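Q: Fold the following and give me the result.
(2 chains)
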Amino acid sequence: MAVTKVVMPKLSEAMESGKIIKWLKKEGDRIQGGDILAEVETDKADVEMEAFGGGVLRKILAPAGETVPVGVLIGVIAEPGDDVAALIASAPAPAPARAGAPALAVAAPSTPAPTPTASPRPPAVAPVPMRPSPVTSAPAAAVAAQPSGGRVKASPLAKKIAAQTGVDLRLLQGSGPGGRIVRRDVETAGAAPAAMRAVPDAEFEDRPLSQMRAAIARQMPLSKAPVPHFYVTNEVAMDRAWELREELNALEGQPKISLNDLVIRACALALLQHPGVNASFRGDAIRVFHRAHIGIAVALEEGLITPVLRDCHAKSLAQIAVESRDLAERARVRKLRAQELSGATFSISNLGMFDVAEFSAIINPPEGAILAVGSVRRVPVVDEAGLGVGRRMALTISCDHRVMDGAMGARFLQDVKRLLEEPLRLLV
Amino acid sequence: MASHKFDVAIVGTGPGGYVAAIRCAQLGLTVGVVEDDRPGGVCLNWGCIPTKALLRNAEVVSLLGRAAEFGIRLSGFEVNYAEAVQRSRRVADRMAKGVEFLFRKNKITLFPGRGTLKSKNVVEVKGTSGVETLEARAVILATGSEPKSLPGVAIDEKTVISSTGAVRNERAPKSLAIIGAGAVGVEFADVYAAYGVQVTLLEALPRIVPLEDEEVAKELTRTFTRRGITVKTGVKVASAKPGGPGLVVETDDGKLEVEQVLMAVGRAAKVTGLGLEAVGVQLERGFVKVSPLMETSVKGLYAIGDMAGAPLLAHKAMAEGVVAAESIAGRAPRPLDYGNIPSCTYCRPQIASIGSSEARAREQGRDVTVGKFPFTASGKAVALGETEGFIKVVADKATGELLGVHIVGPEATEIIHEFAVGRTLEATLEEIIHTIHAHPTLSEAALEATLAALGQAIHI
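A: Okay, here's the model as predicted:
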């Protein structure tokens, strides 16, 4: 097995160095990909550092308490027989990191640390799925079809059908030999609701700036630096969503759905329809994301943290409920993993529990927008039947004017409103 | 009464039974097998193998007849059908000995005699030397099938013979009516016609080899007719009664006087006299009902091969034998893909096919593209002097999925496997055309037919 270099991960866009709180594994321990190696303190949070490869933790190069620049070698995972002496010797002498320590001090990390836009894990140290070596007449059990390096194991026919029907092979489990994706896997997924479908292969596309957009992009920061915000507010009739949620939560064996889960699901679906909102200003281009990775602001005593729920567009309401609850709970006990803290393409901040009529949130760069969710309040409403009582919730979206205009934000918000007011749409 | 204990007892040692036995032994199980004939079953003793020997004889005879075409002048030659049959017996005998050797090699105990189920895990064997019982953790039934007849026509193996009688019969009749033009019917038509028998092929359905693609049937009809075989389709046989040179066959299309009749209307599963009812094994349309892992409705009792349902093919039985053995040994075998079993007929020209016929694919609503390449355009086929037939590839227009392949022509039964592998791997037309095929070979025609499906054939 390959030697895996353990380097100080870049856990947020702004992170330059991290302090090792403690090692959870010691030299000589056997490590599997995905094991938690250490806890690292960053400017934002204490996060757990995952192993990206399997083997034995041969050497720890940075002891607990030490602050290390991003990208610097802090440990080596290898099989007992592998020669790692040269690698260890090439590491810089442990020394406290200076502020802004240059990445040049890095002991040739084989790959860059994850950034929000790159794949969440560096390819060369991608986790190797642990599975027994294949036996002849291997069982038909489903095995993850994606080995290291991101190559998807799929039959030629499966690939063609997937390309024609818009099924994303990377989201499938193969049922063929060794986890190979075969025709029936793609056909099953193709017949399934939007979950498995939808997005192109590329993580994003860069669309050239139009003249107008370039002009707006030049002008807007001058009026309000650094991100020119604008705000759009709408009011949503939540009566049906409220009822639906109560019905769902009365079902046995189903995860409890929160109002925020409904909002997340609505935003994910609306973002697919409004890619211009799921976008980021890149200086010379607008980066339009094809996946909805939604940051969910979680209030902590000492501040705020925004863990990222990835691929929301491909997740059912139940999945969103389970995963967002898990993220929030772990955020409160500061047990989030590095990759759960970056890469959001949009964020939601919900202050509903604080009986807030409405508010506006600050965009979390480089994202292009954030949605502020107020409380569901019982208010007098006038409709054809006259005066009645209804449940209303205010939504305010803050948008980066360099990325989009008011109408775009408004149309997005309209769709979110429609999804919440006709909430059965959230279930299909 | 001697009693023996095994992990697995297997009743029947045809291609299903003997393969299952060997695979069980490989997986560390002790195996006892029961056989009331020679090991190897119908396939090896009375079916596939001896008929292939006879067909080879027929081929040699017809080649000798074409000697002048190759610049060889013969001052006449004599053929002796009895010797052809004797040769086929030697071939079958050698193969049966091979199975006996494999049993010894794998420490499989053979119990000659007739096996019946006493319970779901006890088999009683009535042999020449008395009665013995085999008690086993699991039992595999692999008793195979036997020729069927039609009402009004009784098989006596003298004037009305089955394929079993035909392979034993050392005397070729002067005239023969073959009832049923499936694989068995057309293969014997080929053999007998080569030895000068006046053959009439009678088929109730609108075409011969009715399971094959329509164009394939048409091509075979053409070459058979040219060789002097009378082909009558859409003809129903009412009776065959003694008279004339031997029998008078009455059909809805008139009377036919022949010396012998060969019944080739199909085979029926051998499911009686086995004690199936007593242990509660469920049947379905005359076959034993089995799970995808070959287990019957009774836990621990398995059935494979012809008795377990269509298609009645030796290679299907062998594959099922492996599935049953691995299942018993606690492996998790991959069930057979019944839609991907090649079907082969060894008349000249040979026929091989896999997947759906063009008509069937269209019935299923597929938007198909068809590529066809005739062997007349194949350099190798011309050099061999075997230019009859073609390869036809039926594919899905949108994806290039290989829906079916139909070959009639030289070595069709060998060429088909490239498409079998392709279909197993879910290859599309493109993967076949990106596979370089050696020149000159008959398999090049496979490449060309595939190219033709994309409108890109080079040599036509």
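Q: Now find how far off-centre stretch B:25-32 is within its chain.
A: Centre-to-centre, stretch B:25-32 and its host chain are 28 Å apart (CA atoms, centre = their mean, to the nearest Å).
Q: meant to ask about stretch A:356-368
A: 18 Å.
Q: ends of it, how far apart?
A: Start and end residues of stretch A:356-368 are separated by 24 Å (CA to CA, to the nearest Å).
Q: mean confidence score for it?
A: Average pLDDT, stretch A:356-368: 88.
Q: what residues are up against residue B:123?
A: Contact partners of residue B:123, counting by CB atoms under 8 Å, 6 or more residues apart in numbering or on different chains, are B:9, B:11, B:34, B:115-117, B:133-134, B:136, B:139. For every residue, glycine as well, the C-beta is placed using N, CA and C.
Q: Which of the residues you listed fall within strands?
A: B:9, B:11, B:34, B:115-117, B:133-134, B:136, B:139 (DSSP state E).
Q: got the residues you listed as CSV, with neighbour count and distance to chain A columns?
A: Shown next, in CSV, are the ones in strands among the contacts of residue B:123 (neighbours: other CB atoms under 10 Å in any protein chain shown; distance: CB to the nearest CB, whole Å):
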residue, neighbour count, distance to chain A
B:9, 30, 23
B:11, 27, 24
B:34, 29, 26
B:115, 29, 28
B:116, 17, 32
B:117, 22, 28
B:133, 18, 32
B:134, 27, 27
B:136, 24, 22
B:139, 29, 22
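Q: Among those, which pair sits farthest apart?
A: Spanning the widest gap among the ones in strands among the contacts of residue B:123 are B:116 and B:136, at 14.0 Å by CB to CB.
Q: how about low-confidence regions in the chain?
A: Just so you know, I chose chain A. Where chain A drops to pLDDT under 70, the residues are A:1, A:12-14, A:43-44, A:91-150, A:192-201, A:210-225, A:301-303.
Q: that's the wrong chain, I meant chain B
A: Regions of chain B meeting the criterion pLDDT under 70 are absent.
Q: One more pass at 80, please.
A: For chain B, the stretches flagged by pLDDT under 80 are B:1.
Q: Next, give phi and psi for the residue most central in space within chain B.
A: Of all residues in chain B, the one closest to the mean position by CA atoms, centre = their mean is residue B:313, 4.9 Å from it. Reported as degrees, to the nearest 10, the phi and psi values for residue B:313 are phi -130, psi 140.
Q: In contact with it, which residues are there?
A: Residue B:313 touches B:341, B:343, counting by CB under 8 Å, 6+ apart.
Q: Please report the distance of it from residue B:306.
A: Per CB to CB, to the nearest Å, residue B:313 is found 8 Å from residue B:306.
Q: And the spatially closest residue to residue B:246 that is not a sequence neighbour, how far from residue A:403?
A: Using CB to CB, 6 or more residues apart in numbering or on different chains and skipping residues adjacent in sequence, the residue nearest residue B:246 is residue B:259, 4.1 Å away. The gap separating residue B:259 from residue A:403 is 92 Å, by CB to CB.
Q: the more surrounded of those two?
A: residue A:403 (29 against 18; other CB atoms under 10 Å in any protein chain shown).
Q: Confirm that that one sits in a helix.
A: No: under DSSP: H, G, I helix; E, B strand; the rest coil, residue A:403 sits outside any helix and is assigned coil.
Q: pretty sure it contacts residue A:368?
A: Yes: between residue A:403 and residue A:368 there is a contact under CB atoms under 8 Å: 3.9 Å.
Q: Let me see the contact set for the residue nearest to residue B:246.
A: Contacts for residue B:259 were tallied using CB under 8 Å, 6+ apart; they are B:159, B:173-176, B:245-247.
Q: Out of those residues, the closest to residue B:333 would be?
A: Proximity of these to residue B:333 (CB to CB) peaks at residue B:176, which lies at 43.4 Å.
Q: Let me see the contact set for that closest one.
A: The neighbourhood of residue B:176, defined by CB under 8 Å, 6+ apart, consists of B:192, B:197-200, B:258-262.
Q: Same check on residue B:164?
A: Residues in contact with residue B:164, defined by CB under 8 Å, 6+ apart, are B:42, B:46, B:146-147, B:157.
Q: before we move on, what about residue A:354?
A: Residue A:354 is in contact with residue A:375, counting by CB under 8 Å, 6+ apart.
Q: Now residue B:5: closest residue in space that isn't a chain neighbour?
A: Nearest one to residue B:5, counting by CB to CB, 6+ apart, is residue B:135 at 5.1 Å.
Q: wait, that neighbour sits on residue B:120?
A: No: assessed by CB under 8 Å, residue B:135 is found out of contact with residue B:120, at 10.9 Å.
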